[in-house]
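Enquirer: Prediction below, plus the sequence it came from.
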Amino acid sequence: MPPVFDPYSSSAEEGLGMNGWLRRVGIVAAHIISLALTIFITLLSRPGTSLFSWHPVCMSVGFSLCMTEGVLLFSSEGSPFCFQSRKGRVRLHWVLQALVVIAGGTGLAFIVASKNVSERPHLTSWHGLLGMATLVATGCQALCGVCLLFPKWVNSVARLRLYHATCGLVTYLLASATLALAMCSDWFQGTIKGVLWYVCVLLPLLPALVVMNQVTNSYLPTYHRRMSRSESGNV
Ligand code: HEM
């Protein structure tokens with residue numbers, strides 16, 4: 001039987017490059033920014049005032065809040081879920097990622113309906129195009145996650161976990177770029193101007209850096225070490 005790799009164990013935090021305190025501050029700031037951005041965008045779009053107003057709400061709840069929390073919960077530092085067992089974290093992870101898919105699908109339905117009603121063409125901006133790529137990547141990631149939930153369906157769980165982590169990072173970066181591009185839309189720039197606008201555009205960058213640091217510096221090297229140990233029969 002192939003060895004079971006556990007990327008979510010506390011030892012998956014080995015080998016982090018940043019100083020401990022800096023990493024902790026970064027993680028806490030990422031939690032605060034993702035929540036603050038979601039609340040800010042929700043207040044700004046005044047949900048219920050139009051079909052469009054639900055698009056920013058759904059997308060920020062899904063991609064800024066749930067997706068960030070769904071990844072950061074695997075960090076044993078600065079996370080409100082640090083008391084949870086590995087099993088508990090995995091369960092919370094898939095619940096949050098399922099919410100991302102639901103919020104993403106709903107947000108897409110609202111923007112498509114809104115554009116159809118106002119008879120405007122679809123996918124005419126970089127935000128729209130990158131947003132579509134983000135949604136496709138999120139769908140593929142969700143399918144990959146479902147296969148991990150039912151490991152009997154796959155040949156190499158370890159390899160699938162590696163793909164899931166790597167593609168998950170790409171999906172997260174796509175979502176962050178889409179969020180930043182949303183701030184460049186006429187709708188957003190019509191309301192938010194000056195220094196605050198620059199702050200809003202740059203805000204998704206910090207959670208993206210923290211997530212990138214978490215996945216690349218902790219999970220992937222640990223995985224490779226375990227993989228080579230297992231291949232040489234030292235597990
Ligand atoms: C990662 C999250 C997001 C994704 C995946 C996403 C996805 C999309 C997609 C696919 C479209 C094009 C729909 C079409 O052409 O039929 C679109 C349009 C739009 N979105 Fe988003 N969106 C996200 C977040 C946001 C946020 C937070 C805002 C507001 C702050 C926003 C504002 C807009 C606007 C104004 C449009 C219409 C103009 C345009 O096509 O660029 N989006 N979005």
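Expert: The structure has been received and is ready for your questions.

Enquirer: what about the closest residue to the ligand within the chain, neighbour count?
Expert: Relative to the ligand, the nearest point of the chain is residue 131 (2.4 Å; C-beta to the nearest ligand atom). Placement of C-beta: from N, CA and C, glycine included. By other C-beta atoms under 10 Å, 26 other residues sit near residue 131.

Enquirer: does any bit of the lengthiest helix in the chain sit next to the ligand?
Expert: Ranked by number of residues, the top helix in the chain under DSSP state H is helix 86-117. Yes: where contact is defined by C-beta under 6 Å from any ligand atom, part of helix 86-117 touches the ligand, namely 108, 111-112, 115.

Enquirer: what's the next secondary structure element after that helix?
Expert: Elements were assigned by DSSP states H and E; along the chain past helix 86-117, the next helix or strand is helix 126-149.

Enquirer: Pull the contacting residues for the residue most central in space within the chain.
Expert: Per C-alpha atoms, centre = their mean, the C-alpha nearest to the average position across the chain is that of residue 67, at 3.5 Å. Contact analysis of residue 67 by C-beta atoms under 8 Å, 6 or more residues apart in numbering lists 96-97, 100, 172, 175.

Enquirer: Of the residues you listed, which is the most crowded?
Expert: Comparing these by number of neighbours (other C-beta under 10 Å), residue 175 comes first, having 28 neighbours.

Enquirer: Just the pLDDT for the residue nearest to that one when sequence neighbours are not counted.
Expert: The spatially closest residue to residue 175, leaving aside those adjacent along the chain, is residue 63, at 4.3 Å (C-beta to C-beta, 6 or more residues apart in numbering). Reading off the confidence values, residue 63 has pLDDT 98.
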